[in-house]
Structure formats: structure tokens, C-alpha cells
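S.K.: task: produce atomic coordinates for the following.
(one chain, ligands or ions: 1)
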Amino acid sequence: MTGIPLNDLMKQLTEVMQDSCSQLPQNRTPAMVYALAEGAADIHDGGVTNLMPSLPPTKEIACAAGCDHCCHMPVVTEAITVLRLAHYIRTTFSPEAIDALRARISTRQAQLLPLDSKARRHFRKACPLLEDRQCIAYEARPLICRSFNSFDAEACRTEILEKADDFYMEGYPIPFEVGGALTRGMVSGLSRAGYRDAQLDLAAALGVALDRDDAAEAWLAGEDIFANSLVA
Ligand code: SF4
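M.R.: Numbering: from 1, shown residues only. Coordinates of the predicted model:
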């Protein structure tokens with residue numbers, strides 16, 4: 001991935017994702033949905049790893065296991081990522097763990113739903129997938145969770161948990177660039193395929209996808225199952 005201007009590389013990533021997602025009507029199956037989301041995650045992680053030697057961070061990245069400040073913000077993600085995440089949870093979690101997760105999602109929704117859109121954006125509670133300061137679905141986490149990073153963990157704590165307002169966090173830009181390029185490709189490819197891959201509140205959409213065993217089939221059939229999970 002070296003030798004090509006970064007903008008051109010990002011355009012290529014967008015096109016790869018766009019072309020993959022636009023193939024969905026030829027294989028309208030849950031397995032294809034999960035493969036698309038998994039492919040995006042793999043391209044993201046592989047892309048960042050490959051770019052790092054030629055475009056290294058200008059400072060040390062502060063993120064480390066057990067640092068969970070950023071997991072206390074609302075996560076905005078896409079439908080196919082949520083469907084893959086729900087599939088991952090169904091196939092790897094115990095029934096008790098799924099029940100506990102659904103209970104945490106319900107509690108969060110009860111706190112969030114009465115709020116206006118600004119207060120929702122600044123809502124600061126642990127993501128329902130956070131346990132003991134670790135993501136329990138790390139392998140299947142959304143692109144934005146894969147991208148987010150910071151050069152200053154204390155700044156994260158202050159801005160995210162204390163001030164709880166809009167903020168800019170200085171971090172390594174490459175993961176954000178790669179995540180943004182893939183998300184753009186996902187949205188436009190799915191749009192070409194006839195799907196509206198809107199921006200969804202992760203917890204709300206995951207609750208929907210876990211409530212329905214046929215969530216992927218219903219979404220593929222054009223049912224607007226995430227209508228109540230849209231981010232304003
Ligand atoms: S999905 Fe995982 S990484 Fe993302 S906010 Fe939730 S706990 Fe954190």
C-alpha cells in the first residue's frame with residue numbers, strides 16, 4: 001500500500017467496498033451480509049497495519065487494553081455491521097450472556113429515549129458491550145471503534161467523561177481515513193444495491209437485531225427494521 005498518494009488509496013478502498021456491497025442483490029443472503037461487514041473490518045485493520053510503516057503516527061498512541069473512555073460515547077454505525085455483530089453474539093455468547101446484554105441495552109434505551117438529539121449526542125454511559133473495561137465483541141466491533149484512537153488518554157477522560165460535550169481529540173489519522181473511506185463505499189454500494197444503509201445508534205440497532213432471529217433476512221427483504229434506531 002505504499003507509493004500511492006493517500007487520497008488515491010482511500011478512493012480505491014471506497015471503490016472496493018462499493019463494488020463488493022453493490023453485489024449484494026446477486027447473493028441476497030445473511031451470510032453475504034456478514035461477509036461484507038467482516039471484509040470491511042479486515043480491510044480496515046489490514047490497511048492500517050500496512051500503512052503504518054510508511055505513514056507512522058507523529059506521537060505515541062495512548063490507547064491500551066483497559067482504557068475505555070471512548071466506549072462511553074454513543075456509537076454510530078451501519079446496518080450490515082450491526083447484523084454481523086448480532087450474528088457474532090448469537091453464535092459465540094452463552095444464552096445467559098445474551099440475556100444480560102439485552103438487559104443492559106434496555107436499561108440504556110430507557111435512559112436515552114426521553115432525551116433530545118443534542119443530549120443524546122452527549123450521553124455518556126458505558127456501551128452495553130463493555131464489561132470489565134473490555135469490549136466483549138472486540139472481533140466484530142464497528143469500524144468507528146476500530147478507527148478511534150488518541151495520543152492522550154487523560155484528554156479522553158476529561159473531554160469524554162467530564163465535559164461530555166463536542167470535542168476534537170488528537171490522534172493517529174490513518175485509521176479514521178481508512179474507516180471513513182470504507183464507510184463511504186459501504187453506503188454508496190448498498191445504495192446502488194437498493195438498500196438504505198443509514199447511520200444507526202449501535203445499542204438501539206443491536207437491541208433490534210438481537211430481538212429478531214430473522215433480522216438479517218428481514219433487512220434483506222427491505223423491511224425497515226432499524227427505523228427507530230436512526231441517528232438524527
Ligand atoms: S462496541 Fe466495543 S469497542 Fe465499540 S464502544 Fe462498544 S465496547 Fe467499545
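S.K.: C-alpha from now on. contacts and neighbour counts both.
M.R.: Noted.
S.K.: ok, for E159, nearest residue in space, not its chain neighbours?
M.R.: Using CA to CA, 6 or more residues apart in numbering and skipping residues adjacent in sequence, the residue nearest E159 is F167, 6.5 Å away.
S.K.: could you check the pLDDT of the most centrally placed residue in the chain?
M.R.: Taking CA atoms, centre = their mean, the centroid of the chain lies closest to P142, which sits 2.3 Å from it. On pLDDT, P142 comes in at 98.
S.K.: L83 is in contact with that one, correct?
M.R.: No. Assessed by CA atoms under 8 Å, P142 is found out of contact with L83, at 10.8 Å.
S.K.: quick check: residues of this structure near the ligand?
M.R.: Contacts of the chain with the ligand, taken as CA under 6 Å from any ligand atom, map to 71, 127, 129-130, 135, 137-138, 141, 145.
S.K.: which among these gets closest to R196?
M.R.: If you rank the residues of the chain next to the ligand by distance to R196 using CA to CA, R141 comes first, at 20.8 Å.
S.K.: phi, psi for that closest one please.
M.R.: phi -60, psi 160 (degrees, to the nearest 10).
S.K.: for it, give me its contacts.
M.R.: By CA atoms under 8 Å, 6 or more residues apart in numbering, the contact set of R141 is 81, 85.
S.K.: switch to 10 Å and redo it
M.R.: 38, 41, 77, 81-82, 84-85, 88, 129, 135 (CA atoms under 10 Å, 6 or more residues apart in numbering).
S.K.: before we move on, what about C21?
M.R.: Here C21 is in contact with 15, 32-33, 36-37, 80, 185-193, 195 (CA under 10 Å, 6+ apart).
S.K.: quick one: which of those sit in helices?
M.R.: Counting by DSSP state H, the contacts of C21 place 15, 32-33, 36-37, 80, 185-192 in helices.
S.K.: that older thread, for E78, see how far away the residue nearest to the centre of the chain is.
M.R.: 8 Å (CA to CA, to the nearest Å).
S.K.: least confident secondary structure element in this protein?
M.R.: Using mean pLDDT, DSSP states H and E, helix 117-121 stands out as the lowest-scoring helix or strand of the chain, at a mean of 92.
S.K.: report the distance from that helix to the chain centre.
M.R.: 19 Å (CA atoms, centre = their mean, to the nearest Å).
S.K.: before we move on, what about stretch 187-206?
M.R.: Put simply, stretch 187-206 sits 11 Å off its chain's centre (CA atoms, centre = their mean).
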